[in-house]
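Q: Structure for the following, please:
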Amino acid sequence: MDAQQREIFSAQRTTGTDYFCAIYKAHILHSSLQKYHQLRIKILGDCYYCISGAPEPRVDHAVLCCHMGLAMVDAIRAVREETRSSVDMRVGIHTGSVLAGVMGQRQHAYDVYSKDTKLANAMESGGIPGRVHISETTYACLNGEFEVVPGNGELRNSEIKASSIKTYIIESVIKPYPEGTLDADRSRLSVQNEQHALSYRRGSQRPSGHNGVGVHGEAEFDDRLLQALIAREGATIKGKANYATLSFLDPVLETQFCALRDKLGPALISANCLVVILSCIAHGILWQLNIGTGVAYAAAVTITFLISCLAWAGVKSKAFHPSLVKFVQWTETVPSLRLVWLSSIILIAAVPEIADRLACTTSSDHACDPPVFYLHLITFLLLGVTILVQLRHLHKVLMMTLLITVHCLLTTLHQQLVFDSFDLDVISDSFRNSFPTKYASCVMLVVILFALFWLNRYTEVTSRLLFVWKKESDAQKEQVGELRRKNEELVYNILPRHVAKHFLGRNFTENEEPYSEHHAGVGIMFASMPNFAEFYSEESVNKGGIECLRFLNEIISDYDQLLDDLRFQGSITKIKTIGATYMAASGLTNTDIYDPSVSIRQRWRHLDQLVRFALGLQEKLRALNEQSFNNFELRIGINHGPISAGVIGVRKPHYDIWGNAVNVASRMESTGKPGSIQVTEECMHLLKEFGYIFQSRGEVEVKGKGKLQTYYLVEPYPEPPPLTPV
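A: This next block holds a predicted model:
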């Protein structure tokens, strides 16, 4: 926690504690938070706490806080006139240092703590409804921008009197906002740009998104998406792979790429088998097959067909034996075996042509086919090599070079007479003498080789780029998944689990109705350490109070650990901490449904668990006292009854509960005595059903309720009898 100069702002509505009025007030307050650069800290019933000058310090924090206070008073006045109610607001402002941070391990909430914070609260309590009450420290930071009169806060609040400070009431504004603030220059710039922004909005016909993202947000997203696509369009593997071999520089990445299985592999292998079959049919229809060529074709067709079936076994796993499927799939992931597997298909497909050409030495042989047929056949074989995307481009080039070399040797040496005879019968004298067919076919195949080389290289580059992008995409998905998991954990640590599930996975707008629910039977507990205020010190030995708050954080963390106890999981919900006060409730989850038709012990079982949780807090504190040689005591108040619960705010959601039962529970704590648990008479009668023993305290004056009969829980307490199954 860091001690920083911050402006404390506290606002309270004096009459009419109503949940829906609180939500409405929070809504109009939220609209002013951004305008006046306020940071909301928390909502305590009908109190609204915020600070100015955070998270970044501002020299105009006091001025902004006063402007917001006046704006809120005007807003509440408008609400009062519109609803014809008696709702009003007191505003108290004080300037000082605060320690800011997060306390505990559950229901995380940013909070501030210091003596100046308590004094800001006293400024509100000692204020006047409908007026802004400021301390002399705040007044010294206003630079004469407001007209003030004496506030006489010491006459209305004992803490202000004990602090011996002067207070003031703001009468009027001398410099209207934004004059006198850092927003004055920004306001002038915004006026200059307003015409441009207005014309942009009028010219755009694109509708706003349902999740609250407007035209500008959609345009920015489209621009970023377009830039990303353009950047990928010219992407290369330079710096990631060897330029010549295209092998990845990262051995792990290369191994992963080589182990990939191509889903189209069986179809491409079957295409090479089809080339062999069609070549055999062409031989049989157009020319006479000799015995050697026929045997070669029969063997090639049989072997390539079997290889094709094996290839399909890796895809159509249900039609083949599991052992065979596993073997085929394994061979497809081993680069060396895959190379042998695919190379054998091409070599087997080339055997019939080589056998046919070896049997043909002169044009008079009946086994000879036209030389053009050999050229077409070798071209088909080259294309068959090209479509085998499982092979690397260098392996394809070596294989195609081997096929073309064999073709050229047979053409120029073994079948020289055949091609010369073809030139005499078909080719004209002028062309035959200048460029014979036996050489022209070799040159043509070399040209095809170079073309297919660049095609195969481009295909492999594209394949490797897609692989890299997929790896990056998978990594980003993992990051997004991890971020989502952390966000969910954070949401579950801000809101109760059953409430957080309502928000996760949905898009909310600023104008959407707030989440709210009503509970007919809930237990509420307040547990405070009244002597912690005496322990807290901002002396240098405590580093300005940081060491004291670290100890408080240790205490609250121990309280939070008790929530993970199997006895209390799913039944006790931490609401919030208010300084050294711990607030929890029972009966808020979906499993604790209030059913008047069942027995009292079944209906209020969660209230028994809440009492046991309160006793557990006392045990935790006693253990800490023994370890730290302190004498802290818990003052606990418990009540039950109907409440309203809900979440205020979309960007900074805050879960809280409201109702008369909550107020009475708070009074049970504040009017109790350290080391004891105080309850109302109705609550006492319910808890007696669970075997608890109470001692009457008598009548206690409770603010807003008059005199109430209250009771203290007596210790030791007996274990309650087991519950009767429903």
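Q: List the residues that contact S670.
A: 526, 528, 637 (CB atoms under 8 Å, 6 or more residues apart in numbering). (Glycine included, C-beta is placed from N, CA and C.)
Q: if we go to 10 Å?
A: Contacts were defined as CB atoms under 10 Å, 6 or more residues apart in numbering; by that measure S670 touches 526, 528, 530, 581, 635, 637, 678, 702-703.
Q: Nearest to D223 among those?
A: Nearest to D223 among the contacts of S670, counting by CB to CB, is T581 at 50.0 Å.
Q: The closest one: how many residues sit nearby?
A: Residues contacting T581 under the criterion other CB atoms under 10 Å number 19.
Q: Tell me the pLDDT of it.
A: Predicted confidence (pLDDT) for T581: 91.
Q: now swap in E554 and tell me
A: 89.
Q: Isn't it up against L624?
A: Yes: using CB atoms under 10 Å, E554 is in contact with L624, at 7.3 Å.
Q: In the helix or strand harbouring E353, which residues are buried?
A: Using DSSP states H and E, the element containing E353 is helix 335-358. Residues of helix 335-358 classed as buried: 335, 338, 341-343, 345-346, 348-357 (neighbour count, 16 or more other CB atoms under 10 Å).
Q: returning to what we had before: ChimeraX command to pick out the buried ones of the contacts of S670?
A: In ChimeraX, a selection of the buried entries from those looks like this (16+ other CB under 10 Å):
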select :526,528,530,581,635,637,678,702
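Q: Now intersect the contacts of S670 with the helices, please.
A: Of those, none are assigned to helices by DSSP state H.
Q: what about K42, which helix or strand?
A: Element membership for K42 (DSSP H and E) is strand 38-44.
Q: For that strand, name the packing helices and strands.
A: Taking 3 or more CB pairs under 10 Å, 6 or more residues apart in numbering; DSSP states H and E as contact, the helices and strands that strand 38-44 lies on are strand 2-13, helix 19-35, strand 47-52, helix 61-83, strand 89-102, strand 110-113, strand 572-578, strand 654-658.
Q: Just give me the residue right at the centre of the protein.
A: Geometric centre of the chain, nearest residue: R484, 2.8 Å, by CA atoms, centre = their mean.
Q: Can you tell me the element it falls in?
A: Taking DSSP H and E as the definition, one finds R484 inside helix 437-494.
Q: what angle sits between that helix and strand 89-102?
A: Here the directions of helix 437-494 and strand 89-102 differ by 120 degrees (axes from the mean of the first three to the mean of the last three CA atoms, to 10 degrees).
Q: Mind giving me the packing neighbours of the helix or strand following helix 437-494?
A: Per DSSP H and E, the first helix or strand lying C-terminal to helix 437-494 is helix 497-503. For helix 497-503, the elements it packs on are helix 437-494, strand 516-528, strand 572-578, strand 635-648, judged by 3+ CB pairs under 10 Å, 6+ apart.
Q: Parallel or antiparallel, which strands does the second one pair with?
A: For strand 516-528, sheet partners with direction are given as strand 581-586 (antiparallel), strand 635-648 (antiparallel), following DSSP bridges.
Q: quick check, distance from the first one to the centre of its chain.
A: It stands for strand 581-586. Counting by CA atoms, centre = their mean, to the nearest Å, strand 581-586 is centred 29 Å from the centre of its parent chain.
Q: Buried by neighbour count: which residues of the helix or strand where Y559 lies qualify?
A: Secondary structure assigned from DSSP H and E places Y559 in helix 546-562. Neighbour counts over helix 546-562 (16+ other CB under 10 Å) mark 548-549, 551-553, 555-556, 558-560, 562 as buried.
Q: Relative to L44, which of those is nearest.
A: Scanning the buried residues of helix 546-562 for proximity to L44, where the rule is CB to CB, the winner is I556, at 16.6 Å.
Q: isn't that closest one right up against I578?
A: No: between I556 and I578 there is no contact under CB under 10 Å: 11.1 Å.
Q: quick one on the thing from earlier: let me have the helices and strands packed on strand 38-44 in CSV, extended by mean neighbour count.
A: CSV is the format used below for the helices and strands packed on strand 38-44 (neighbours: other CB atoms under 10 Å):
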stretch, mean neighbour count
strand 2-13, 22
helix 19-35, 17
strand 47-52, 23
helix 61-83, 20
strand 89-102, 23
strand 110-113, 20
strand 572-578, 22
strand 654-658, 21
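Q: In JSON lines: those, plus distance to I448 and mean pLDDT.
A: Shown next, in JSON lines, are the helices and strands packed on strand 38-44 (distance: least, CB to CB, whole Å; pLDDT from 0 to 100):
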{"stretch": "strand 2-13", "distance to I448": "73", "mean pLDDT": "47"}
{"stretch": "helix 19-35", "distance to I448": "69", "mean pLDDT": "59"}
{"stretch": "strand 47-52", "distance to I448": "77", "mean pLDDT": "82"}
{"stretch": "helix 61-83", "distance to I448": "77", "mean pLDDT": "86"}
{"stretch": "strand 89-102", "distance to I448": "70", "mean pLDDT": "86"}
{"stretch": "strand 110-113", "distance to I448": "71", "mean pLDDT": "82"}
{"stretch": "strand 572-578", "distance to I448": "76", "mean pLDDT": "89"}
{"stretch": "strand 654-658", "distance to I448": "72", "mean pLDDT": "86"}
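Q: what about these, which gets the closest to A520?
A: With CB to CB as the measure, strand 654-658 is the member of these nearest A520 (13.1 Å).
Q: and the closest one, what does it pack onto?
A: Counting contacts by 3+ CB pairs under 10 Å, 6+ apart, strand 654-658 packs against helix 19-35, strand 38-44, strand 516-528, strand 572-578, strand 581-586, strand 635-648.
Q: helix or strand right after the shortest one?
A: On the C-terminal side of strand 581-586, the closest following helix or strand by DSSP H and E is helix 600-603.
Q: Of all the residues in the very next helix or strand once past that following helix, which ones are buried?
A: Sequence-wise, the next helix or strand downstream of helix 600-603 (DSSP H and E) is helix 605-628. By neighbour count on 16+ other CB under 10 Å, the buried set for helix 605-628 is 605-618, 620-621.
Q: in what helix or strand does the closest residue to K438 other than its chain neighbours lie?
A: In space, and not counting its chain neighbours, K438 is closest to F419: 3.9 Å by CB to CB, 6 or more residues apart in numbering. According to DSSP H and E, F419 maps onto helix 416-426.
Q: And the helices in the stretch 101-250 of the chain, which stretches?
A: Listed in chain order, the helices of the stretch 101-250 of the chain (DSSP state H, counting those that start in this stretch) span 115-125, 136-139, 158-163, 183-203, 215-233.
Q: what's the answer for the stretch 251-400 of the chain, then?
A: Taking DSSP H, counting those that start in this stretch to define them, one finds helices in the stretch 251-400 of the chain at 251-258, 265-286, 291-313, 322-333, 335-358, 371-386, 393-409.
Q: would you turn those helices into CSV with mean pLDDT and distance to F503?
A: Shown next, in CSV, are the helices of the stretch 251-400 of the chain (pLDDT from 0 to 100; distance: least, CB to CB, whole Å):
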stretch, mean pLDDT, distance to F503
helix 251-258, 86, 39
helix 265-286, 78, 47
helix 291-313, 81, 49
helix 322-333, 77, 44
helix 335-358, 81, 49
helix 371-386, 84, 55
helix 393-409, 91, 52
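Q: Quick one: the ones you listed as CSV, columns for distance to S537 too.
A: Output for the helices of the stretch 251-400 of the chain, formatted as CSV (distance: least, CB to CB, whole Å):
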stretch, distance to S537
helix 251-258, 57
helix 265-286, 76
helix 291-313, 79
helix 322-333, 68
helix 335-358, 71
helix 371-386, 82
helix 393-409, 76
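Q: Of these, which is nearest K501?
A: helix 251-258 (37.7 Å).
Q: how about the buried residues of helix 546-562, which pair is most distant?
A: Pairwise distances across the buried residues of helix 546-562 (CB to CB) peak at 22.2 Å, for the pair C548 and L562.
Q: Spit out the contact partners of the closest residue to T459 other than its chain neighbours.
A: For T459, ignoring the flanking residues on the chain, the nearest one in space by CB to CB, 6+ apart is V389 at 6.5 Å. When contacts are counted by CB under 10 Å, 6+ apart, V389 touches 262, 264-265, 268, 396, 456, 459-460, 463.
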